[in-house]
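K.L.:
just coords:
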Ligand code: 9MR
């Protein structure tokens, strides 16, 4: 059987985000189909250090070694974010000291993992609510309005050969897209070293519309940035509404709807392949998706290409057979 990474080799890399438990259960599947990896959690700031002066690399090392043994590209995730970041770095600090802390952290990451080809430098900095532009975070409060430019510059000084990405979700919806475009245009106009946009693409069988997806890719690519589809999954619930009742399987109609959605999506990705470095799924098999815990813990979701047993779903065949 042809594998995903073979099928898409002429277009872009096919990635997956995983954890140790995915390796315990699905190592063969990962090895077979994917040629790019992102640590789902293990490279996040708080996963590497949760108290001053102490760093723990073991969890990420296991995943990185596996990726290297299997010739997978490694995409770093993530440096500046409002989540999964240790509180201690924000305590009793001046702006200058916080930038030094970030510089030191970035240096440790580089010394340990080497200079990766690409990294999510800043994650999810745009506010979702209509009445605000930037998200209110500790980074913002301490470093000020132009903190994103500052942190990109600091990270770039340490990792000059790494392609630095801005990464966000709901990136296709016009209102948020406009704000992300404003941010990226501003950064580029000031010569800030941002070289890519990560379209997380946590989407669903109900949308967004394909026209919005095309327009987003065109908008971000028009800035001259490299693109990654960075966290793809196609949920069974509209807008991940927590009030929607549990979808139960087998459900051939929903599986078909998902397969059709994935096919259209990959048609689009293929048609813009010259801009796209990788399409990365946020997970390996349905059984271990983060969407089984969010927004309703325990409500099953089936957003990926492989079922609980690691068998290919209709969605898998739909992107392989055209
Ligand atoms: O998949 C990750 C999940 O295991 C964590 O609990 C969660 C905590 O914030 O982060 C998840 O990954 C997120 C990613 O780092 C950034 N974009 C949204 C992803 C899904 O929440």
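P.N.:
Received, thanks. Everything quoted here is computed from the prediction, not taken from an experiment. Numbering: from 1, shown residues only.
K.L.:
ramachandran coordinates for the residue in the stretch 51-200 of the chain that the ligand sits nearest to?
P.N.:
Scanning the stretch 51-200 of the chain for proximity to the ligand using CB to the nearest ligand atom identifies residue 83 as nearest, at 4.6 Å. C-betas here are computed from N, CA, C, even on glycine. Per-residue torsions, residue 83: phi -110, psi 160 (degrees, to the nearest 10).
K.L.:
same check, this time on residue 199
P.N.:
Phi and psi for residue 199, reported as degrees, to the nearest 10, are phi -90, psi 100.
K.L.:
and for residue 16?
P.N.:
phi -140, psi 150.
K.L.:
need the contact list for it.
P.N.:
Listed by CB atoms under 8 Å, 6 or more residues apart in numbering, the contact set of residue 16 reads 22, 30, 33, 34, 36, 37, 38, 280, 281, 283, 284.
K.L.:
need the nearest residue in space to it, chain neighbours excluded.
P.N.:
residue 34 (4.5 Å; CB to CB, 6 or more residues apart in numbering).
K.L.:
quick one, what contacts that neighbour?
P.N.:
4, 5, 14, 15, 16, 72.
K.L.:
swap the cut-off to 10 Å and go again
P.N.:
By CB atoms under 10 Å, 6 or more residues apart in numbering, the residues touching residue 34 are 3-5, 13-18, 67, 70, 72-73, 278, 280-281, 284.
K.L.:
what does residue 242 give?
P.N.:
With the criterion set at CB under 10 Å, 6+ apart, residue 242 makes contact with 294, 295, 296, 299.
K.L.:
out of those, who's nearest the ligand?
P.N.:
residue 294 (6.3 Å).
K.L.:
from what I see, that closest one and residue 301 are in contact.
P.N.:
Yes - judged on CB atoms under 10 Å, residue 294 makes contact with residue 301 at a distance of 8.7 Å.
K.L.:
more neighbours: which of those two?
P.N.:
residue 301 (22 against 14; other CB atoms under 10 Å).
K.L.:
need the three-state assignment for the more buried one.
P.N.:
Of the three states, residue 301 takes coil under DSSP: H, G, I helix; E, B strand; the rest coil.
K.L.:
not counting sequence-adjacent ones, nearest residue to it?
P.N.:
residue 291 (3.8 Å).
K.L.:
isn't that neighbour right up against residue 298?
P.N.:
No - the pair residue 291 / residue 298 is not scored as a contact, 11.4 Å apart, by CB under 10 Å.
K.L.:
so for these two, which residue has more residues nearby?
P.N.:
The neighbour comparison of residue 291 against residue 298 (other CB under 10 Å) goes to residue 291, with 24 against 7.
K.L.:
now do the buried residues in stretch 29-47.
P.N.:
With burial defined by 16 or more other CB atoms under 10 Å, the residues of stretch 29-47 counted as buried are 29-31, 33-45, 47.
K.L.:
enumerate the residues of the stretch 101-250 of the chain near the ligand.
P.N.:
Contact residues (CB under 6 Å from any ligand atom) of the stretch 101-250 of the chain with the ligand: 123, 169, 200, 231.
K.L.:
could the residues you listed go into a markdown table alongside distance to residue 316?
P.N.:
Formatted as a markdown table, these follow (distance: CB to CB, whole Å):
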| residue | distance to residue 316 |
| --- | --- |
| 123 | 28 |
| 169 | 24 |
| 200 | 21 |
| 231 | 18 |
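K.L.:
which parts of this structure are strands?
P.N.:
13-18, 36-39, 73-80, 118-123, 163-168, 196-199, 202-204, 226-235, 276-281 (DSSP state E).
K.L.:
would you mind putting those into JSON lines with mean pLDDT alongside?
P.N.:
As requested, the strands of the chain are exported to JSON lines (pLDDT from 0 to 100):
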{"stretch": "strand 13-18", "mean pLDDT": "98"}
{"stretch": "strand 36-39", "mean pLDDT": "98"}
{"stretch": "strand 73-80", "mean pLDDT": "98"}
{"stretch": "strand 118-123", "mean pLDDT": "99"}
{"stretch": "strand 163-168", "mean pLDDT": "99"}
{"stretch": "strand 196-199", "mean pLDDT": "99"}
{"stretch": "strand 202-204", "mean pLDDT": "98"}
{"stretch": "strand 226-235", "mean pLDDT": "99"}
{"stretch": "strand 276-281", "mean pLDDT": "98"}
